[in-house]
Structure formats: C-alpha cells, structure tokens
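*Asks:* Sequence first, predicted model second:
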Amino acid sequence: METQGLAPMSDEARVYWTALGDTTRKPPVVMLHGGPGLPDYLADVAAMVGDLAPVYRYDQRGTGRSPWRGRHSLARHVDDLAELLDAWDVPKAVLIGHSYGTDLASRFCLTHPDRVAAMLLMCGPFVGDWRLGYRAERGRRMSGAQQERLRALQEVPDRTEEQEVELLTLAWFTDHADPEHGWHRAAQDARRRRPVNWAMNAELGGEGRADPLDAHLAELRACLPARTELLAGADDPRPVAALESLALRLDRPLTRIEGAGHEPWLEQADAVRAQLRRFVQGAVGG
C-alpha cells in the first residue's frame, strides 16, 4: 500500500512525499536521498524493508515534485524534515540517508536528537580530506578523452538535453564497481533523475564546506541514538577509509559491501537487503 501527498512548509513551500506500508505503525523509516539537487531515487531501497515498517520518502524542496525557488540552506532542509515528521504525526523516526542524505540526517540529529529513533548512514557522510582521493580514483576510472569531454561540458552555460545527459553519464558512471554496468546505469539515471537543481547543489555544497560536519563530530557522537550504523560500498570511488575513520570517531559499526560502489543496492542487492532488514528489524523491534 502506497500513499502520497503534498505537505505545506512554514514558509509556504510544498514538499511531495510518498509512504509505503501501514503508516499507523511506529516508528516509521524515513529515507533521505542524496544530491543535493536530485529528486528522490530510493524507491527500490524502500521496497526492501517496506513490510517491516512504513517507509516515507520525499523530494527535497527544489527537486522533483517539490518545486520551489529561493536560496537553499542546510538549516531550512533540517526544518523541512522536522515539519514533515509533524505533518505525518511521527514523534520519532528511523532515518536512512544515502550520500548527501547522510549529511542531512546527521545535521538533523544534531538539531533534533529526540526525534531520531535509529540511524543508518549509507555511503557517507565523508569527512576530512577525502576529495583528493576521490578525484584521483575517479580520474583513474575515466579515459583522458572522457575527462576532457566532461570538463568541456561543465563549461557550457546552457546545455541542451543531450549535453546534460552526456555530462551526467560521464559524471556518474565511475560511481559503480563494474564500469560496463556503470555506464549503462548512469545513462539511464541521467534521463530519470532530472532535472538536476544545480543552484541547490552549489548552495548546499558551499555551505557544507564552510561549516563542515567535521567540526561537529564530538557533539554528533554524544547525541547519536544507540542504534546507529554506517554502510559503504567497498568499490565506491570516494575513499572508504574516510568512512572507516568516521566510524571509529563516532564509535559505531561500519559494514562494507564488497563488489559495490556508491549505490550498493544496484550491484549487490541481496547483500544490501540483508543488512537493511537486519537493521530495520532491530530498530523497530521486529
């Protein structure tokens, strides 16, 4: 059973959401997609645990079916999640974030620790000096011609549809462990996960660099729910060592999914399903 709706925010924005399962059961799971600037793409992940607890997903403001224009801030996106929980009559939720969604989940936990029943951080948040290693590995997975073409497309101010698809395919295919599968999947996603809100990406990315989560890790560790875990694709081009270091600093377990990249459920669905179901069952008392 799936329900959906548009939730009004306090600043008159409207956020589109969907829920899978019986929403009277508490606590629910809330999935936070990455980007920033992409619409939600976690339907397949939600289906892995939808029989264990209700699962909410939403298009973050300015993406997908939540159209909005204005300057983005991390605080406003944290407020959006709090207001969505209010709209759903959810006092506490199990948060499952992916990529940028792990940063959002962490910042929400810092602000509203009493509203987080459990938290699973998938493929993030990356802290410390991880970008250098990421760029090097990403470059290793691309040919010289691909790197040159990506740079050229990034400099085009008003890209055509085909140019945008080509840029996103080049930008995303290295996220996968299997290059052939990665190119095919990235080409599909380049048409599905649209439009990309590049202004949102730049604004939230810039704020995140100005106020990095690194500076708040001691506070985060102190307010994390007892059931907090990290999960990583062992072949993510972003350095898994950064997540291993984070897990140690937060004193929380990290599970590595072998043979998987930045979206591990696409390449190792059975392994990810098993880990998600174990985590959610423990979090909701099933």
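*Replies:* It's in.
*Asks:* Going by C-alpha atoms from here, please, whenever you check contacts or count neighbours.
*Replies:* OK.
*Asks:* Figure out how far the biggest helix by length in the chain is from the centre of its chain.
*Replies:* Longest helix in the chain, counting residues (DSSP state H): helix 269-284. Centre-to-centre, helix 269-284 and its host chain are 17 Å apart (C-alpha atoms, centre = their mean, to the nearest Å).
*Asks:* which residues touch it?
*Replies:* Residues outside helix 269-284 that contact it (C-alpha atoms under 8 Å, 6 or more residues apart in numbering) are 26-29, 45, 48-49, 52-53, 94, 117-118, 120, 227, 257, 264-265, 286.
*Asks:* Tell me if A7 really is in a strand.
*Replies:* Yes: looking at A7 with DSSP: H, G, I helix; E, B strand; the rest coil, it is inside a strand.
*Asks:* what's the neighbour count on it?
*Replies:* The tally of other residues near A7 (other C-alpha atoms under 10 Å) stands at 20.
*Asks:* Give the residue spans of the stretch 151-286 of the chain that score low on pLDDT.
*Replies:* Within the stretch 151-286 of the chain, the ranges that satisfy pLDDT under 70 run 286.
*Asks:* any chance you could map the strands in it?
*Replies:* 228-233, 254-257 (DSSP state E, counting those that start in this stretch).
*Asks:* Mind listing the strands the longest one pairs with, and their directions?
*Replies:* Translated: strand 228-233. Taking DSSP bridges as the criterion, strand 228-233 forms sheet pairs with strand 116-122 (parallel), strand 254-257 (parallel).
*Asks:* do you know which of these lies nearest D103?
*Replies:* strand 116-122 (8.6 Å; C-alpha to C-alpha).
*Asks:* What's the first helix or strand after that closest one?
*Replies:* helix 131-140 (DSSP states H and E).
*Asks:* can you give me how far that following helix is from the chain middle?
*Replies:* Distance, centroid of helix 131-140 to centroid of chain: 20 Å (C-alpha atoms, centre = their mean).
*Asks:* List the contacts of it.
*Replies:* Q147, T174, P237, R238, P239.
*Asks:* Show me which residues of it are buried.
*Replies:* Neighbour-count burial for helix 131-140, with 16 or more other C-alpha atoms under 10 Å as criterion, is recorded at Y134, E137, R138.
*Asks:* Out of those, which comes closest to E203?
*Replies:* Of these, the one sitting nearest to E203 (C-alpha to C-alpha) turns out to be Y134, at 20.9 Å.
*Asks:* close enough to count as contact, R252 and P225?
*Replies:* No: in this structure, R252 is not within contact of P225 by C-alpha atoms under 8 Å, at 10.3 Å.
*Asks:* quick revisit: specify which member of the contacts of helix 131-140 is nearest to R209.
*Replies:* Using C-alpha to C-alpha, the contacts of helix 131-140 come closest to R209 at R238, 16.4 Å.
*Asks:* Just give the nearest non-adjacent residue to W17, would you?
*Replies:* Nearest residue to W17 in three dimensions, chain neighbours excluded: Y58, at 4.1 Å (C-alpha to C-alpha, 6 or more residues apart in numbering).
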